[in-house]
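In: heads up, no residue letters with this:
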């Protein structure tokens, strides 16, 4: 569902991403770990079409992504570290607006069901987003992905700044999306959450994917030690 093939990105003489190849199947979660500047966000930006690869290519559902072309926009969703919603609109109004942008129209009851699936409290549906915590805004983002019927979901540090309870709730939602067959690529510093949700885990350094593990084949302690050894090397 999500593929990077020999993907490289240079900014002048700076090599931000170095010959990355990875593949994520439907119903799998791939977590990218790495220090700041390792290439995680660059990878996601290339999949979103925000920037153009220097060499190589990115594909979603076997469709090559090309900036300024919207061929994959309808089948993907993106939740950044700080999700931008309209603060003076309510949660349900934001969901309705972004669903319509994706050419999806739903009844109010259907919109409520998406918010329910995303774990947002019904008491918050009709409150302005400016009153929401970060965790609540992230749940609206998940609801938008559900409403779009996104096949691929990209997350950039989605649990940064969340308290442990909100982080755990977010992990549970990701696992439910996995069960629905959504392919998920998540860039994160959170080793514990990566171990909790991932199918595969990659560790990046200086633009290169230097380690890749099947989650079931590595313990949390082993993952943490490998990560620490990698960023120190």
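Out: Ah, there it is. Note that the structure is a prediction, hence the values are computed from the model and not measured. Numbering: from 1, shown residues only.

In: How about the contacts made by the closest residue to residue 125 other than its chain neighbours?
Out: Sequence neighbours aside, residue 92 is the residue nearest to residue 125 in space, at 4.8 Å (criterion: CB to CB, 6 or more residues apart in numbering). C-beta coordinates here come from the backbone N, C-alpha and C atoms, glycine included. Counting by CB atoms under 8 Å, 6 or more residues apart in numbering, residue 92 touches 108, 111, 112, 115, 125, 126.

In: does residue 168 sit in a helix or strand, and which one?
Out: helix 164-179 (DSSP states H and E).

In: helices or strands up against that helix?
Out: Contacts defined by 3 or more CB pairs under 8 Å, 6 or more residues apart in numbering; DSSP states H and E place helix 164-179 against strand 29-33, helix 134-148, strand 183-188, helix 191-197.

In: Do me a favour and average the pLDDT over that helix.
Out: Averaging pLDDT along helix 164-179 yields 88.

In: Return the residues in contact with the residue nearest the centre of the chain.
Out: A centroid search over the chain (CA atoms, centre = their mean) returns residue 155, at 1.7 Å, as the residue closest to the centre. Taking CB under 8 Å, 6+ apart, we find residue 155 in contact with 78, 79, 174, 184, 185, 186, 187, 188.

In: Which single one of the residues you listed is nearest to residue 5?
Out: Closest approach between the contacts of residue 155 and residue 5, by CB to CB: residue 185, at 14.6 Å.
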